[in-house]
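Enquirer: 3D model of this:
(chains A and B)
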Amino acid sequence: EPEVTQTPSHQVTQMGQEVILRCVPISNHLYFYWYRQILGQKVEFLVSFYNNEISEKSEIFDDQFSVERPDGSNFTLKIRSTKLEDSAMYFCASRTGHYGYTFGSGTRLTVV
Amino acid sequence: SQQGEEDPQALSIQEGENATMNCSYKTSINNLQWYRQNSGRGLVHLILIRSNEREKHSGRLRVTLDTSKKSSSLLITASRAADTASYFCATDAQGAQKLVFGQGTRLTINP
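Expert: The predicted structure is shown next:
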């Protein structure tokens, strides 16, 4: 069964550093997402991406965040200057049509 | 807000018993989905129920949807210790292009 692949599974970074979280969505999917889950809390929407542009973003997705689909297969989330409160599990998801969201296994980001 | 809200927040039952978790939401939806998450792990898609469906089964899972009450329930029958996890509902609202997750129910199955 096709999978959404996320790398790395765990990333530790110093506060103020830039991080790039990587995702390989399912190849024929058209919509791409990043979600965040702070430990013990619910899964929160960050951003959706369709047709090579952001289609929607949440209040969390401020100027420190950016997304890119650089080569037609990868989908990346960049945090320019990490803060302690960015520590969370970040999930990538993709879908085609209204059904069939597929989530990756997540990247645990720890900012120290 | 179109968020799903779940109850209970935590549920602890004995192995073999049935577990019922509920989800309420606020807007019209295309579908509602249930996910499972083991502690610190990824989201596993369990079942999707479309707005024109009222009940759906998958193995020991039974999901109901009442669009008039904007609510859904997830029933796990004959629970097992391995069912211990957090369970989230997520709504795919009409006009939206994203899933919105509820707070989740932490289910503990005691052997």
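Enquirer: just the strands in the chain please.
Expert: By default, I'm working from chain A. All strands of chain A, identified by DSSP state E, fall at A:5-7, A:10-13, A:19-24, A:31-37, A:43-50, A:53-57, A:65-68, A:75-79, A:88-96, A:99-103, A:107-111.
Enquirer: actually chain B
Expert: Under DSSP E, chain B gives strands at B:5-7, B:10-14, B:19-24, B:29-37, B:43-50, B:55-58, B:61-66, B:71-76, B:85-93, B:99-101, B:105-110.
Enquirer: show the contacting residues for B:S73.
Expert: By Cβ atoms under 8 Å, 6 or more residues apart in numbering or on different chains, B:S73 lies in contact with B:T20, B:M21, B:N22, B:C23, B:V63, B:T64. Where you see a C-beta, it was placed from the backbone N, CA and C, and this is true even at glycine.
Enquirer: can you give me the distance of it to A:D62?
Expert: Distance, B:S73 to A:D62, by Cβ to Cβ, to the nearest Å: 37 Å.
Enquirer: any idea which residue of chain B lies closest to chain A?
Expert: Closest to chain A within chain B is B:G42: 3.7 Å, counting by Cβ to the nearest Cβ.
Enquirer: now that residue. Nearest residue, chain neighbours left out?
Expert: A:S105 (3.7 Å; Cβ to Cβ, 6 or more residues apart in numbering or on different chains).
Enquirer: I figured the one you found was touching B:V44, is that so?
Expert: No. Between A:S105 and B:V44 there is no contact under Cβ atoms under 8 Å: 9.4 Å.
Enquirer: who has more neighbours, the two?
Expert: Each of A:S105 and B:V44 has its neighbours counted (other Cβ atoms under 10 Å in any protein chain shown); A:S105 has more, 18 against 14.
Enquirer: next, the more buried one: phi, psi?
Expert: Per-residue torsions, A:S105: phi -80, psi 0 (degrees, to the nearest 10).
Enquirer: contact partners for it?
Expert: If you count contacts by Cβ under 8 Å, 6+ apart, A:S105 has them with A:Q6, A:S9, B:R41, B:G42.
Enquirer: most surrounded residue in these?
Expert: Counting neighbours by other Cβ under 10 Å, A:Q6 leads the contacts of A:S105 with 23 neighbours.
Enquirer: stretch B:93-105 and chain A in contact?
Expert: Yes. For a cut-off given as Cβ under 8 Å from any Cβ of the partner chain, stretch B:93-105 has contacts with chain A, namely B:A96, B:Q97, B:K98, B:L99, B:V100, B:F101, B:G102, B:Q103, B:G104.
Enquirer: and that stretch, what's buried?
Expert: Buried residues in stretch B:93-105, counted by 16 or more other Cβ atoms under 10 Å in any protein chain shown: B:A93, B:A96, B:K98, B:L99, B:V100, B:F101, B:G102, B:Q103, B:G104, B:T105.
Enquirer: and the residue of chain A nearest chain B?
Expert: Nearest residue of chain A to chain B: A:S105, at 3.7 Å (Cβ to the nearest Cβ).
Enquirer: spell out which parts of chain A neighbour chain B.
Expert: A:31, A:33, A:35, A:42-45, A:48, A:50, A:55-56, A:89, A:91, A:93, A:98-106, A:108.
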